[in-house]
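Colleague: build me a structure from this.
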Amino acid sequence: MCGVFGIYGHPEAANLTYLGLHALQHRGQESAGIVTSDGNQLFSDRGMGHVIDVFPPDHIARLKGPHAIGHVRYSTAGGSYLKNAQPIAVDYAHSSVAVAHNGNLTNADTVRETLEERGSIFQTSSDTETIVHLVALSEQKAPEDRIADALSQVEGAYSLVCLTPESLIAVRDPMGIRPLCLGKMPDSGAHVVASEPSSFDLIDAKYVRDIEPGEMLIIDKHGLRSLRPFGDAPRKSCIFEYVYFSRPDSVLDGVSVYEARKNLGRALAKLHGVEADVVIPVPDSGVPATIGYAEESKIPFELGLVRSHYVGRTFIEPQQSIRHFGVRLKLNPVAAALEGKRIVVVDDSIVRGTTSRKIVKMLRDAGAKEVHMRISSPPTKWPCYYGIDTPTRGELIASSHSVEEINQYITSDTLAYLPMDAMIESVVRAKTGPTKQSRSRLPVLQSEKPLSKDSFCVACWTGEYPIAFTPHPGQRQMRLLDL
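Modeller: Numbering: from 1, shown residues only. Alright, predicted model coming up:
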């Protein structure tokens, strides 16, 4: 749950990276960082909070050079501290390097232990720092070879942007679990890379293509080169990017996130339709699926819940208990759209069930006659080990309760989930045709492999992990490290 951005060859690299990170803010709100290069040295600035708070104009002015990478972070179990903010920038014997990482390394503990036995001293609790140490220790000469050597020793999910004084290097893991894409600025010819192409729109860059699984792009004064330093692996892109995590205006690996979510809603209406007066989303991620549900079912769409976009962190909670206080910080019902009506509520997932339970109670308090919950994915039964912050299995309500038991717990009239096959089919059917920009592709070593029904990681629903995790002796459960 992080976002990465990089740009090479633009006089306003720091400003454009700031804007690119702003467009990726949904991928992480804990901290933000930018590292730039003037061709000789790196300049770094990081801070806690949102991009707009971390980078006032005087901070941006100190970030010199035409090349930059940036990162927005959502922390996991390692905690939210400045020391874990990215990009991580270091000097080593041969040069300097900065690394920004979206994903999670499944063998980070093992690699870290080996490095510490060899004398490495870690400054963070981030799995990303293991990559930095491996780069510094590599005996390879060229930066791209050092990075490839380092990545050959780690396992898991990684979409990386790396900056050296002379080059920008972008890498996507062999399974393509997390997204990464390439763009270009028509006026300056600057290359850009980002977690999602929606960040290109804000800076008037043109989407070129997705970086392919296992591909490394090197961008330097000689232009752009594409390498494949890793062995082939089955493609396993995270399907939850389409269900929930990515912005709806993004197109990832040729699939429109917006159309995928509308298809999810249409499938829900076909398979689990119910007589109702209105259908409402749990905003914001549930909105496109609700539009699809309403179109298919012919039930009117209403905004029955209004979301506050200015929640952030709250440290002041009234001493006198306010009913549903935590949920009301984010959502509030619209009584005029709900009173006396049978309501279908569309959401992307149920994790612990506590939020859904409070939402149902709020809707009933606002006058809803019936509340029918519809979820645009299967029951979440397993934690994600590849970069999305999910609880342990014991905290996932679907891991130990049937659908009817969950329905009773959240007090809805009915509850239904979208089956696995229908979810995958909905996403695959949202594939887009080639755009005007994507027809002019930069050279790659082999043709792109389009997404198919077997192209997705669905481990959080099935427990079948494409990359195995073997814990240390005596370690009972994987520790999700910081991203």
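
Colleague: helices or strands next to the helix or strand bottoming out on mean pLDDT in the chain in the packing?
Modeller: Lowest on mean pLDDT, DSSP states H and E among the helices and strands of the chain sits helix 325-328, with a mean of 73. Other helices and strands packing on helix 325-328, by 3 or more CB pairs under 8 Å, 6 or more residues apart in numbering; DSSP states H and E, are helix 354-365. Glycine gets a C-beta too; all of them are placed from N, C-alpha and C.

Colleague: neighbours around S400, how many?
Modeller: Neighbour count of S400, defined by other CB atoms under 10 Å: 12.

Colleague: so which bits of stretch 389-409 are buried?
Modeller: By 16 or more other CB atoms under 10 Å, the buried positions in stretch 389-409 come out as 390-391, 396-399, 401, 406-407, 409.

Colleague: after the least confident helix or strand of the chain, heading C-terminal, what element do we hit next?
Modeller: strand 331-333 (DSSP states H and E).

Colleague: in the helix or strand just after that following strand, which residues are buried?
Modeller: Counting by DSSP H and E, the next helix or strand C-terminal to strand 331-333 is helix 335-338. Residues of helix 335-338 classed as buried by neighbour count (16+ other CB under 10 Å): 337-338.

Colleague: helix 335-338 packs against which elements?
Modeller: Partner elements for helix 335-338 (3+ CB pairs under 8 Å, 6+ apart): strand 278-281.

Colleague: list of residues touching the strand it packs on?
Modeller: 287, 289-290, 293-294, 297, 299-305, 337-338, 341-347 (CB atoms under 8 Å, 6 or more residues apart in numbering).

Colleague: and that strand, how far out from the chain's middle?
Modeller: Computed by CA atoms, centre = their mean, to the nearest Å, the chain-centroid distance of strand 278-281 equals 26 Å.

Colleague: model confidence over it, on average?
Modeller: Mean pLDDT, strand 278-281: 98.

Colleague: immediately after it, which helix or strand?
Modeller: As assigned by DSSP H and E, the chain's next helix or strand after strand 278-281 is helix 287-297.

Colleague: pLDDT on the next helix or strand after that next one, on average?
Modeller: With elements assigned by DSSP H and E, the helix or strand that comes after helix 287-297 is strand 305-307. Across strand 305-307, the average pLDDT comes to 93.

Colleague: and the gap between the residue with the largest distance to the centre of the chain and K361?
Modeller: Going by CA atoms, centre = their mean, the residue of the chain most distant from its centre is G340, 38.4 Å out. Look at G340 and K361: by CB to CB, to the nearest Å, they are 17 Å apart.

Colleague: residues near the closest residue to F301 other than its chain neighbours, how many?
Modeller: Leaving aside its sequence neighbours, F301 sits nearest to A294 (CB to CB, 6 or more residues apart in numbering; 3.9 Å). Neighbour count for A294, taken as other CB under 10 Å: 23.

Colleague: distance check, A294 against K270.
Modeller: A294 sits 13 Å away from K270, going by CB to CB.

Colleague: do the same with V278
Modeller: With CB to CB as the criterion, V278 and K270 are 19 Å apart.

Colleague: who has more neighbours out of those two?
Modeller: V278 (19 against 12).

Colleague: for that one, name its beta-bridge partners.
Modeller: Using DSSP bridges, the bridge partners assigned to V278 are I343.

Colleague: tally of neighbours for the closest residue in space to N407 that isn't next to it in sequence?
Modeller: With CB to CB, 6+ apart as the criterion, N407 has its nearest non-adjacent residue at 3.7 Å, and that residue is L415. The number of residues packed near L415 is 24, by other CB under 10 Å.

Colleague: on the three-state scheme, L415 is what?
Modeller: Under the three-state scheme (DSSP: H, G, I helix; E, B strand; the rest coil), L415 adopts strand.

Colleague: who's in contact with it?
Modeller: Listed by CB under 8 Å, 6+ apart, the contact set of L415 reads 372-375, 403-404, 406-407.

Colleague: just these now: which is nearest V35?
Modeller: Proximity of the contacts of L415 to V35 (CB to CB) peaks at I375, which lies at 40.0 Å.

Colleague: in space, what's closest to that closest one - neighbours in sequence excluded?
Modeller: Per CB to CB, 6+ apart, closest to I375 is Y417, 4.5 Å.

Colleague: so that neighbour sits right up against T380, yeah?
Modeller: No - assessed by CB atoms under 8 Å, Y417 is found out of contact with T380, at 9.3 Å.

Colleague: what touches both of the two?
Modeller: Counting by CB under 8 Å, 6+ apart, nothing touches both Y417 and T380.

Colleague: could you list the domains of this structure?
Modeller: The chain breaks down into these domains under automatic domain parsing: 2-236, 255-427.

Colleague: understood, closing this out.
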